[in-house]
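Peer 1: Here is a sequence with its predicted model. Questions after.
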Amino acid sequence: MPGMDGFELSQRILELDLSIRVCFVSAAELNVQALREIHPRLSFGCFIKKPVEMEYLVERLCAELD
């Protein structure tokens with residue numbers, strides 16, 4: 001996405017509606033504590049690391065929606 005990353009996008013989405021759940025999918029190693037310091041308003045409960053099998057992705061997303 002030119003001009004913004006996924007964290008900025010999720011912040012903007014949550015500014016519109018705090019009840020929206022966001023799940024991050026990334027190939028990068030993430031330091032959740034460092035991200036919390038940079039983006040304190042975000043919930044970092046759902047991280048899925050690439051590569052990911054479709055079955056696991058669907059399973060994890062369904063679990064997040066419950």
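Peer 2: Now that the structure is in, tell me what you want to look at.

Peer 1: where does the chain have its least confident helix or strand?
Peer 2: Least confident helix or strand, the chain: helix 32-38 with a mean of 74, by mean pLDDT, DSSP states H and E.

Peer 1: ok, residues contacting stretch 38-55?
Peer 2: For stretch 38-55, the surrounding residues in contact (C-beta atoms under 8 Å, 6 or more residues apart in numbering) are 7, 10-11, 14, 21-27, 30, 32, 35-36, 56-57, 60, 64. (C-beta placed from N, C-alpha, C; glycine too.)

Peer 1: Swap in 6 Å and give it another go.
Peer 2: The contact list for stretch 38-55, computed with C-beta atoms under 6 Å, 6 or more residues apart in numbering, reads Phe7, Ser10, Cys23, Phe24, Val25, Ala27, Val32, Arg60, Glu64.

Peer 1: out of the residues you listed, who has the most neighbours?
Peer 2: Ser10 (21 neighbours; other C-beta atoms under 10 Å).

Peer 1: List the ones among the contacts of stretch 38-55 that fall in strands.
Peer 2: Members of those lying in strands (criterion: DSSP state E): Phe24, Val25.

Peer 1: any idea which of the contacts of stretch 38-55 is least confident?
Peer 2: Ranked by pLDDT, these bottom out at Val32 (71).

Peer 1: how much space between it and Leu57?
Peer 2: 20 Å (C-beta to C-beta, to the nearest Å).
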